[in-house]
Each structure stands twice: as structure tokens, then as C-alpha cells.
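# Fold the following.
(one chain, ligands or ions: 1)
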Amino acid sequence: MRDVRVRFAPSPTGGLHIGGIRTALYNYLLARQNNGTMILRIEDTDQGRFVPGAEEYIIESLAWAGIKIDEGQGVGGPYSPYRQSERKEIYKKYAQQLLDGGFAYYAFDTEQDLEAMRDRLKAAGVDNQQYGITSRMQMSNSLTLSKAEVDHLLNVGAPYVIRFKVPENQQIKVIDLIRGEVVVESSQIDDKVLMKSDGMPTYHLANVVDDYLMKISHVIRGEEWLPSAPLHVSLYKSFGWHNEMPQFAHLPLLLKPDGNGKLSKRDADKMGFPIFSLNWTDPKTGEVSKGFKESGYLPEALINFLAFLGWNPGTPQEIFSMEELIDVFSIERIGKAGTKFDIHKTQWYNQQYLRAKSEEELSLLLMRSLDAEQISCSKEKAIKICAIMKERVTFPHDFWELGKFFFHAPVSFDESVVSKKWNTDAVNVLSTFSKEVETLDEVTADLVKSTLESVTASLGIGTGKILQALRLSITGNASGPDLMMTMEIIGNKEVCSRINYALATLKPSA
Ligand code: GLU
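Residues are numbered from 1 along each chain as shown. Below is the predicted model:
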């Protein structure tokens, strides 16, 4: 088998969409599984769409996601440069090879010429109004003009493009590892521009030339490139590289959560979830889009989730580390159908990965939020908080967001609990309980529990009846983590002062 060499070949046109991360991931898994090479190539030949900062952003995003690049932009390697805008001379040479072999031609048509051609074909009832087998001989190109005319136009610097001369009467077969065999009649393909008038290659030429020169074994990319694959196969043949052609695998589309159409940034914005890996600031508009990272998603959770967007292991196991994914991944188990993007599932993965962390690790996440709030807290206390909060959080910042009451006494109280549970029984129990707690040197969860139980027993009131009122006085909320542990963490003085404040502020309902 040939060496596995795969590439992630993004165009630096903006923030890196999670679909891009998924493509990079599948390439990476295949490379690692086969002791192969993961290459990063920057496809920046479309100068009109180039966005400054996008390349650095891509590199940073991959690093955050844990996708390591072995060769390519930012790393170097035997086939540098890996930025296509720096490879112009190479593409020129290969375009010339196609021209010399009669596989490509110069075309001098103006915009108006092209428009007139489309109108003509439309009027004649042709569905596919393309520059190709049926129309090329009516156009202004080196197939229709004499050699002298062509030389003259080139000499006077007339603007031109180089087009691929799609072979006639051929069935072009693309073998896709996911979709099987796709056969296309060559008449369906247009004579694509290979070199633009600005001297830059188009995506098609640069992509095929580089995949060949960089000895790429597998092209794994999004389904949107499937329609280009027959052209690429045809180009490989024209270059005489058919035997070195990579294998293709076109990944299923990522769909909106309701399955209706392709997932876009607009959908994500509307539904309030990120679509880019890291925060992205649009250099033109200044608009900041929040990334998965900054929204509190752990890279390992996002990777696990993305692995399942189109692939499945064929077993019920859902949690896979990168190493495990490398072991079990296979292109054969990638589905053809588009996959719905479900942000709730991403959050579920985040929860699972947070829960799997030790309380010590989690306490560092809480400490980060506390530092930002300039709140000091002992490590021991942070660990205790994380231990009782870990089942309740989805994001690292939730330890703080959902646990503010560990540091600040409530200033307002959940009205529905006040009206239902703050009654004379509760007031009687809490005022006695508060006095008892005040006499304790320190509180442990067990000690507060037994103190509370002896108070309720002596007053003949069921503990269960007043628990919500107690929680309300301590946290202001109707629900939360283990209440006895919460009181242990807060400490006896604070427990008393909170209960006393609630007793002084809230009016019992009956
Ligand atoms: N530059 C293309 C993109 O940004 C790469 C397509 C391919 O992998 O061939 O999607």
C-alpha cells in the first residue's frame, strides 16, 4: 500500500467553520492510524476572497483542537512552499504542459462574449449553457483562431485565460470511498478555467497539481467538492498521472438542526450557538463571532462530537478520546446522508468530559472564574464546591455562574418558593436551627444534618417540609446541589447570618 499522505487544504477566507475542523479531523485520524503524514496546505489563489488573519487563525484552531500538523504551512516540509500563492511558477509550468499536449487552450473571450454565448445556447433550448464541448468552437480561443492570431494576441498582452479542453465522448469514473462509483459523461463538464487572467491558477488546477506533487494518497473533503471530482479525474488523466491519483472520500454535509438544508453561520447565530472553533473577528465589519473555545467547550468534547457527525463506530460506545478514535476510525463507516448538527449533543459531550475530570482539575477552572471576579478562595473549598457541582455544569464557567451563592449571600429570593414554603413552621424551625448552629465550632455536613433533625424532631415538624425554605435562605434558589454540603462549605457564621437575614426580610405566608 502507498504511504498515507493526507492534506487539509482550507482557503483563508474567514473563521474556520466546524465543518472544516471535521474534515481536518477525519484526515488526521486516517493519517495517524496508518503512521501517515498530515499536511496543511493553504489554498489562497482566489485573491478576491483572501482575508487577512485567516491563515493564522486556521493554524491556531487546529492546535486548539489537538490536530497536529506533520508537514505544511507553519511547519515546513519537503514540498514547500505550502501556500499556493507562492507556487505560481509551478502552476504555470503545468498549465503549459497541458497546452503543449493539446489538453488546454487559450481563451480570449470578453464578458460580453460569454454572455452572448449563454443567450445563444438558451435561445437554442440548450439546458446547460456552458463553455464546453458544444460551444467552444464558436468562441474566441486558440482552437478557433489561427496560430498567428493567437501569437499576436499574446504578444500585445490581450487578457486571456487558459481553459481545460474536456475530452469528448468519455465516461469519467470517480471512485469515491464513501459513495462508490460515480460516472459522469464528459459532455456534462465545462471547459473550466485553469489559469485566470491575473496569472493565478484556479482552485482546480492548483489543487490537482499540488495533490500530485505532494504525493497525496487520499483526498478527504466536504461533499460540496464532489461535483468537481470528475473534472479532477479528467485532469489527472490528461497529465498522465492516472496511476498516482489519490483516492477520494467526500464527507456528508452538515445540516441545520432540523435537517432542512446546509448548516450556515446565520443559522448558528440565530439559534445562539457557535460555528467557529475560536473567536473570530471579521476584519471588514469588526463583527466578533464567539468560538466554541470561548463559549466553554472542551476541545476533546468537540472532537468526540465531530467524529460522530458522519461516522459511527458500529457499537453503542459514544465516548472516544482522540487515541481511541485513531484506533477505531474507518472511512467505510462514514455515512452518505447529511448529518444534523445538534448543539444539545455537543453540550452533552461537554458535560461528560467535565464530569470525567478530577475535582482538583475542575477546581482550577473555578479558580479561573474567581480570579476574574477577584474573589479569593482556598483550594480545599474550591475542590469541595466542584465535587458537589460537577453533575450540574455544562461549561467550566457554570461552576461560578451556578455557584455564585457560595461566595455571595442572596439578596433576592425565588418568589415561588417564598409563597409556597416560607410559612410559620419554616420560620420556627429556621430560627431555632440558626441559634443551634451558632453554638457549633465548625460545621460538617453530618453535623448540620443531625442538628437540623433534632430541631425538627423537638418541634414536631417534618424535616422534608422545611428543606426548601432552608435552601431558599442559604442560596435564594429553589434547587441546587447537596444542601448539607453547601452549608459545610459556606461555614457556620455565614449560614446563621443568611438565615437571620431571610428571617428578617421575608414574611411568612401562613
Ligand atoms: N480549498 C478547498 C476548501 O477550502 C479545499 C477543497 C479540497 O480539499 O480539495 O474547501
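# what does this structure have sitting close to the ligand?
9-11, 43, 207, 219, 221, 225 (CB under 6 Å from any ligand atom). For every residue, glycine as well, the C-beta is placed using N, CA and C.
# Redo the residues you listed as JSON lines? Include pLDDT.
Shown next, in JSON lines, are those (pLDDT from 0 to 100):
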{"residue": "9", "pLDDT": "98"}
{"residue": "10", "pLDDT": "97"}
{"residue": "11", "pLDDT": "96"}
{"residue": "43", "pLDDT": "97"}
{"residue": "207", "pLDDT": "98"}
{"residue": "219", "pLDDT": "98"}
{"residue": "221", "pLDDT": "98"}
{"residue": "225", "pLDDT": "96"}
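# Which of those fall in helices?
residue 207 (DSSP state H).
# From the residues of the chain next to the ligand, which land in strands?
Among these, the members falling in strands (DSSP state E) are 219, 221.
# And stretch 256-276, what's buried?
256-257, 263, 267-268, 273-276 (16 or more other CB atoms under 10 Å).
# For it, which outside residues touch it?
15-19, 61, 253-255, 289-292, 294-295, 297, 338, 340-343, 346 (CB atoms under 8 Å, 6 or more residues apart in numbering).
# Next: stretch 171-178.
By CB under 8 Å, 6+ apart, stretch 171-178 touches 181-186, 189, 218, 226, 229-230, 233-234, 247-252, 331-332, 334-336.
# List buried residues within those residues.
Here, 16+ other CB under 10 Å leaves 182, 184, 186, 189, 218, 226, 229-230, 233-234, 248-252, 331, 334 buried among these.
# quick one on the thing from earlier: mind listing which of the contacts of stretch 256-276 are in strands?
Those of the contacts of stretch 256-276 lying in strands (DSSP E): 254-255, 289, 340.
# Please report which of those residues has the highest neighbour count.
Neighbours here mean other CB atoms under 10 Å. Within those, the largest count is held by residue 254, at 22 neighbours.
# Show the contacting residues for it.
Contacts for residue 254 (CB under 8 Å, 6+ apart) come out as 18-19, 22, 262-263, 309-310, 338-339, 341.
# Burial check on the residue nearest to residue 85 when sequence neighbours are not counted, number of neighbours?
The shortest distance from residue 85 to any non-neighbouring residue, by CB to CB, 6 or more residues apart in numbering, is to residue 44 (4.8 Å). Residue 44: 22 surrounding residues under other CB under 10 Å.
# Could you list the single helix or strand in the chain with the lowest mean pLDDT?
helix 265-271 (a mean of 91; mean pLDDT, DSSP states H and E).
# And residue 330, how close does it get to the ligand?
20 Å (CB to the nearest ligand atom, to the nearest Å).
# Actually, residue 422.
Following CB to the nearest ligand atom, the distance that separates residue 422 from the ligand is 60 Å.
# How about residue 488?
55 Å.
# What is the neighbour count of the residue lying closest to that residue once chain neighbours are set aside?
Among residues not flanking residue 488 along the chain, residue 445 sits closest, at 4.5 Å (CB to CB, 6+ apart). Residues lying near residue 445 (other CB under 10 Å) number 17.
# and what of residue 375?
Neighbours of residue 375 (other CB under 10 Å): 14.
# Can you convert the residues of the chain next to the ligand into CSV and add a column each for neighbour count?
Output for the residues of the chain next to the ligand, formatted as CSV (neighbours: other CB atoms under 10 Å):
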residue, neighbour count
9, 26
10, 24
11, 19
43, 19
207, 24
219, 23
221, 22
225, 17
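# Dump the residues of the chain next to the ligand into a markdown table; add distance to residue 314 as well.
Below are these laid out as a markdown table (distance: CB to CB, whole Å):
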| residue | distance to residue 314 |
| --- | --- |
| 9 | 29 |
| 10 | 30 |
| 11 | 34 |
| 43 | 34 |
| 207 | 32 |
| 219 | 24 |
| 221 | 24 |
| 225 | 27 |
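# circling back: how far off centre is the least confident helix or strand of the chain?
14 Å (CA atoms, centre = their mean, to the nearest Å).
# That one: what's the following helix or strand?
strand 280-281 (DSSP states H and E).
# Nearest residue to residue 413 in space, please, no chain neighbours.
residue 476 (5.0 Å).
# Now the one you found. Its backbone dihedrals?
With angles defined as degrees, to the nearest 10, residue 476 sits at phi 80, psi -10.
# OK, contacts around it?
So residue 476 contacts 405, 410-414 (CB under 8 Å, 6+ apart).
# Give me the contact list for stretch 154-164.
Contacts for stretch 154-164 (CB under 8 Å, 6+ apart): 95, 98-99, 103-108, 131, 136, 141, 153, 191-197, 204, 231, 234-235, 238.
# can we see that at 6 Å?
95, 104-108, 191-197 (CB atoms under 6 Å, 6 or more residues apart in numbering).
# Which two among those are spaced furthest apart?
With distances taken as CB to CB, the most widely separated pair in those is 108 and 192, at 16.6 Å.
# Closest approach to the ligand from the stretch 251-400 of the chain, which residue is it?
Closest to the ligand within the stretch 251-400 of the chain is residue 251: 10.1 Å, counting by CB to the nearest ligand atom.
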